[in-house]
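> sharing a sequence plus its predicted fold:
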Amino acid sequence: MLTSPTARSHPLLKALKHKIWDAVHEPDPPAESGVHIDPLDVPPVDMSTRSTWHREAFAGPEMAAFRRGLTIGDADVRTSILDDLATYFDITPDEARRRALHWEEISVQEWADANGDDGDDGRVEFYRTQNSWAYDLMWWAYLQSEGHADPSNVVALRFLQQWAPGRRHLDFGSGVGVTTQVFLETGWTSTMADLSSTLLDFARFRLERRGQQATTIDLLDQDLPAGAYDAITAIDTLAHVPDVHQTARALHTALGRDGVLVANIDVRSAAPETVWHLQDDEKRAGYDVLRAGFVHIGSMGYELQAYRKVRPGGLRFRVRTLAQWVVMASPLRRVAVRASRRVLRSLWSVRERLR
């Protein structure tokens, strides 16, 4: 009789149990993020409950570097982050905290004010004028530093220090600059690239306060230089671009020989709070990255995937790309996924009745 997926059994039976378990228990993609927690209002994180990769990243020297990039002088992370927001936006620290916790409802209003539903023009206007993501991203960095959020920036850095052929970094969709800062703190050069002029301005302000320097690229009117980087991070970014393949091709061009891309696809269920998430199929988006000229070389926490740049041509690449299309992007794959989930959930129902 079927048990939990951790039970000991024959490898094939165990794999089937895992598959059924995943089909039944895997939740739908999240919709709205909701109100952020305040670490002062909740118990400290019990790191023994976190995954191995989370614990190792949280305890490593890269996390110490991440925190250094967030602080100002002798102030702690929380005080420094609230001071960044309060000083830049000319508000009180208490108001900065309120906006950070409730950033999402502010974003929804900013989307409406920018006519974000009006195609590409509306989306660009939203990115160029919104400020709510500055509050969200700064508070998210604070949560990472306290262990309440997955340390995605640190995880990416730890991987790239082993796999990148050099130390020239680009953060694509750089937001408030915290990823660039942790790379700078560990001896890399780093460039910030974003479509949001408001976030780029805020990131420059933050780095200047800390005596750090990074090149910036405004993606509205500047292209990425060819072959300029050994590593590119695109964390929580590709879900917001309308054409993942076209974007991946630009990142491929920007990487030097054997360069490495670390990215994820933050797919969300449709809701008023997720209208800026433009991708609804993680596998299809992943295929669009691969066919741009990448091979997959590793997976990390926070659903981060690592890709090595290769030459997008030749028989081997074409055969591999065709196989990837079949299993990741073809209509057959979509039908098979839907059908298999129904079958597996039926099997689970039988299992529950037989218990």
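That came through, no problem.
> so where do the helices sit in the stretch 51-200 of the chain?
52-59, 61-70, 77-89, 93-101, 103-113, 119-129, 132-146, 152-163, 178-185, 197-209 (DSSP state H, counting those that start in this stretch).
> ok, which of these comes nearest Val327?
helix 152-163 (24.3 Å; CB to CB). Glycine gets a C-beta too; all of them are placed from N, C-alpha and C.
> in that closest one, which residues are buried?
With burial defined by 16 or more other CB atoms under 10 Å, the residues of helix 152-163 counted as buried are Ser152, Asn153, Val154, Val155, Ala156, Leu157, Arg158, Phe159, Leu160, Trp163.
> do the same with stretch 261-274
Within stretch 261-274, judged by 16+ other CB under 10 Å, the buried ones are Leu261, Val262, Ala263, Asn264, Ile265, Asp266, Val267, Arg268, Glu273, Thr274.
> for Pro93, state which of those residues is nearest.
Of those, the one sitting nearest to Pro93 (CB to CB) turns out to be Glu273, at 25.6 Å.
> kindly provide the distance from that closest one to Ser190.
Counting by CB to CB, to the nearest Å, the gap from Glu273 to Ser190 is 30 Å.
> poorly predicted segments of the stretch 1-150 of the chain, please.
1-29 (pLDDT under 70).
> distance of Asp46 from Arg67?
For Asp46 relative to Arg67 (CB to CB), the value is 20 Å.
> Phe89 too?
23 Å.
> neighbour-wise, which of those two wins?
Legend: neighbour count by other CB atoms under 10 Å for Phe89 and Arg67, higher for Arg67 (20 against 15).
> isn't the more buried one up against Ser145?
Yes - here Arg67 lies in contact with Ser145, judged by CB atoms under 8 Å, at a distance of 5.2 Å.
> common neighbours of the two, please.
Val77 (CB atoms under 8 Å, 6 or more residues apart in numbering).
> tally of neighbours for the nearest residue to Trp140 once chain neighbours are set aside?
Among residues not flanking Trp140 along the chain, Ala149 sits closest, at 5.8 Å (CB to CB, 6 or more residues apart in numbering). Per other CB under 10 Å, the neighbour tally for Ala149 reads 19.
> mind checking how far Ala149 is from Gly298?
22 Å.
> likewise Gln212?
Taking CB to CB, one finds Gln212 at 29 Å from Gly298.
> cool, and Ser33?
27 Å.
> and for Met47?
Taking CB to CB, one finds Met47 at 23 Å from Gly298.
> next one: Leu332
From Leu332 to Gly298 the distance is 27 Å (CB to CB).
> let me see the contact set for Asp258.
Pro165, Arg308, Lys309.
> need these in JSON lines with pLDDT, neighbour count and distance to Ile217, can you?
Conversion of the contacts of Asp258 to JSON lines gives the following (pLDDT from 0 to 100; neighbours: other CB atoms under 10 Å; distance: CB to CB, whole Å):
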{"residue": "Pro165", "pLDDT": "97", "neighbour count": "15", "distance to Ile217": "21"}
{"residue": "Arg308", "pLDDT": "98", "neighbour count": "18", "distance to Ile217": "23"}
{"residue": "Lys309", "pLDDT": "98", "neighbour count": "24", "distance to Ile217": "19"}
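> of those, which is the nearest to Pro242?
Taking the contacts of Asp258 together and measuring to Pro242 by CB to CB, the closest member is Lys309, at 22.8 Å.
> now do the residue nearest to Glu303 when sequence neighbours are not counted against Gly293, distance only.
Leaving aside its chain neighbours, Glu303 sits nearest to Asn264 (4.6 Å; criterion: CB to CB, 6+ apart). Relative to Gly293, Asn264 is positioned 19 Å away (CB to CB).
> ditto for Asn115
For Asn115, the distance to Gly293 - CB to CB - is 36 Å.
> these two - which one has more neighbours?
For Asn115 versus Gly293, neighbours defined as other CB under 10 Å are more numerous around Gly293 (21 against 13).
> related to what we said a few turns ago, mind checking which of the contacts of Asp258 land in strands?
Arg308, Lys309 (DSSP state E).
> A helix includes Pro225, no?
No - per DSSP: H, G, I helix; E, B strand; the rest coil, Pro225 lies outside any helix segment and is coil.
> Leu255 is in contact with that one, correct?
No - counting by CB under 8 Å, Pro225 does not reach Leu255; the two are 10.7 Å apart.
> which one's more surrounded, the two?
Between Pro225 and Leu255, counting by other CB under 10 Å, Leu255 is the more crowded of the two (27 against 13).
> for that one, give its distance to Asp90.
40 Å.
> and for Thr233?
31 Å.
> likewise for Gly314?
In terms of CB to CB, Gly314 sits 57 Å off from Asp90.
> more neighbours: those two, which one.
Gly314 (10 against 7).
> can you give me phi and psi for the more buried one?
Per-residue torsions, Gly314: phi 90, psi 160 (degrees, to the nearest 10).
> redo the buried residues of stretch 261-274 as CSV? Include pLDDT, secondary structure and distance to Pro242.
Shown next, in CSV, are the buried residues of stretch 261-274 (pLDDT from 0 to 100; DSSP: H, G, I helix; E, B strand; the rest coil; distance: CB to CB, whole Å):
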residue, pLDDT, secondary structure, distance to Pro242
Leu261, 98, strand, 19
Val262, 98, strand, 21
Ala263, 98, strand, 16
Asn264, 96, coil, 17
Ile265, 94, coil, 13
Asp266, 90, coil, 15
Val267, 86, coil, 14
Arg268, 86, coil, 15
Glu273, 87, helix, 19
Thr274, 89, helix, 15
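> and the residues you listed, which two are furthest apart?
Going by CB to CB, the pair spanning those furthest: Leu261 and Glu273, at 27.9 Å.
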